[in-house]
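Student: give me a model of this one.
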Amino acid sequence: MAAKKKKVNLFNNRKLMYAYIAFFVIAATYVLALTASSYAYENRIYPGVSVAGIYLGGKTRQEAKKELSQKVSAPKTVTLSGAGQYDLGPELAVRYNIDKSVDDAFDVGRSNGLNPIKKYNVNLPLEVSFDHDALTAALINVSSAENEPVEDASIYMQGGAVKANRESVGSRVLLGENIEMVENGLGNMKSSFNLKVKTMQPIITEQDIALAQSEVQEILSRKIVLKDGGESYPVSSADLASFINFKRSGPASSVENSLPIENIFPLETNDEIISVGFDRAKVRDFAVRLSGQINQDAANAKLAASDGKVQVVAASRDGKSVKIDELASRLSDALENGKEEVDIPIEVTKPEVSSDNLDKLGLKELISTGWTDFSGSPENRIHNIDVGAARFNGVLIKPGEDFSFDDTLGNVDASTGYLPELVILKDKTVPEYGGGLCQVSTTAFRAALNAGLPILERAAHAYPVGYYKPYGVDATIYLPSPDLIFKNDTPGYILIQTRIAGNRLYFDFYGTKKPGSIKFAGDAAGTQGVSDTAEGLTPTITEQEARGPKSFTATFYRLMYDAAGKLIKTNFWVSKYDSPDKYPH
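Tutor: I've put the predicted structure just below:
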């Protein structure tokens, strides 16, 4: 039997052949297109690429730089808009880097090679630089103006009735998000921005408070009394209302809204609990206010000399101050635990000078007095003298201590009680706070002279002032200099007491006298203008009119003798007074 011939399907073979041919044609076309495109875009930005919305596809680097340079300019002002509008000027120092922006555009697609079919559709931001610190500072300032605090509902007392403050929704400017927004926007040549703000919802509403009405009434009905010895301080219902705080707990609770102390009286409301409790910070605020009624400074005993001996004419007084944090803790415990009585914790301070430590301090006698006369002074000057002298009343100077008048005086301004009055300042006489305080320093200087204390620093006035006769025995001061400084070289403490009698200011020094005696004179020999006190001496006047009308030099001496009457030390002071005409006012 003859073999059967295999039938060949030429149609299928041709179909397969055509498919191969088509594939090779397409591949060849793609390769040719890729080759042509790669060659064409070898030095050009790939198609579909933009920077800040400016199309750069097909452009060389130089062409792209020219295009951007013509269309791009840094904004002079950046505007932020919220409830208000805020213009940020040159402090942001916005700069665009055109070269870097073009480089970024040129790099698009280079890592994978050009796909001539692909449409890139890439819009890159401009490379931008600006002062981030300036933007942050500006946004912080904007936040302080834009932020609205979120307020929970709260209660207060009015006419014996409980009232509620409604809650309020707050808002907060988002710092990080706004910085990112501005940076991205500047890269796309935007200069106006709407602030990104987060709405802050209150935790406690007026409706929540209404649910706790019976518990609140129970708290307000309490009779809590604070005691300091025999004194009682009841806590009013208004104060109790200020302590009350509320917390929402359950699924909607947040740890950051928890009260600082445990809550009491939980009220179940569906899936949540409204708890009534006490705010420790508010309790502490109350303790601070109460301390103002109780605190008192320690007061030294007031002394006077009689028959050469020191006597107490006004007893000393202990100082006391409320221990605020401890009181706040005790009161919080009482509120939580239903207690009705709280002892106020007190810290007691003892005065430096009391009737039972005079001998220990060496305060045995009146060792010197200095005085000046301020007759004819205007009202403000007298006021300043009174305020300034009070700063020195009761001051103790330790044995061996250098006493600084300026340091003890402290600040001189309206806040410390002084009024404007004339002072000598540089080349003129002008009104300034504390004018007249040189009356106080001069009186202290004379008391130190009369006590025989070493004078370490002292300056005379620029020109002669009638309040300080005899001339040459004055001491001017002005913070921080010139200063009046003298040393306590006595064997004990020195207590300063000041007083005003009529138109005279007195400084009394109490302590232990040094042995010997003192004499003042206008000459070193102690024969001219002699006095037992600085106030009574007659200084030597020379160089009259040498520095202009009414100018002169005043000189005086202090001669110190031991107990046997032997001269052991001589001090002298020379005061060169200028003409008052050089210091107009």
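Student: quick one: low-confidence parts of the stretch 351-500 of the chain?
Tutor: The stretch 351-500 of the chain contains residues with pLDDT under 70 at 426.
Student: 90 - rerun?
Tutor: Applying pLDDT under 90 to the stretch 351-500 of the chain flags the ranges 352, 354-359, 394, 420-435.
Student: name the SS class of the residue lying closest to residue 522 once chain neighbours are set aside, please.
Tutor: Closest residue to residue 522 apart from its sequence neighbours, by Cβ to Cβ, 6 or more residues apart in numbering: residue 529 at 3.4 Å. To be clear about C-beta, it is placed using only N, CA and C from the backbone, and glycine gets the same treatment. The three-state label given to residue 529 by DSSP: H, G, I helix; E, B strand; the rest coil is coil.
Student: in stretch 561-570, what's buried?
Tutor: residue 561 (16 or more other Cβ atoms under 10 Å).
Student: what's it in contact with?
Tutor: By Cβ atoms under 8 Å, 6 or more residues apart in numbering, the residues outside stretch 561-570 that reach it are 515, 516, 517, 518, 519, 524, 557, 558, 559, 560.
Student: highest neighbour count among these?
Tutor: Comparing the contacts of stretch 561-570 by number of neighbours (other Cβ atoms under 10 Å), residue 557 comes first, having 22 neighbours.
Student: what pairs with the helix or strand hosting that one, and is each one parallel or antiparallel?
Tutor: Here residue 557 sits within strand 552-561, counting by DSSP states H and E. Looking at strand 552-561 with DSSP bridges, its partner strands are strand 517-521 (antiparallel), strand 540-542 (antiparallel), strand 567-577 (antiparallel).
Student: follow-up on the earlier one: pLDDT and distance to residue 47 for the contacts of stretch 561-570 - can I get that in TSV?
Tutor: Listed next are these as TSV, based on pLDDT from 0 to 100; distance: Cβ to Cβ, whole Å:
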residue	pLDDT	distance to residue 47
515	93	110
516	95	109
517	96	111
518	97	106
519	97	110
524	96	107
557	98	105
558	98	103
559	98	108
560	97	106
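Student: which of the residues you listed lies closest to residue 379?
Tutor: Closest approach between the contacts of stretch 561-570 and residue 379, by Cβ to Cβ: residue 558, at 35.3 Å.
Student: give me the nearest residue to that closest one, chain neighbours excluded.
Tutor: residue 571 (4.5 Å).
Student: gap between the one you found and residue 372?
Tutor: Separation of residue 571 from residue 372 (Cβ to Cβ, to the nearest Å) stands at 20 Å.
Student: between the two, which one's more packed in?
Tutor: When neighbours are counted by other Cβ under 10 Å, residue 571 and residue 372 differ, and residue 372 comes out ahead with 25 against 14.
Student: which residue sits closest to that one in space, ignoring its chain neighbours?
Tutor: Leaving aside its sequence neighbours, residue 372 sits nearest to residue 443 (Cβ to Cβ, 6+ apart; 4.7 Å).
Student: so what does that neighbour look like in phi/psi?
Tutor: Main-chain dihedrals, residue 443, degrees, to the nearest 10: phi -70, psi -40.
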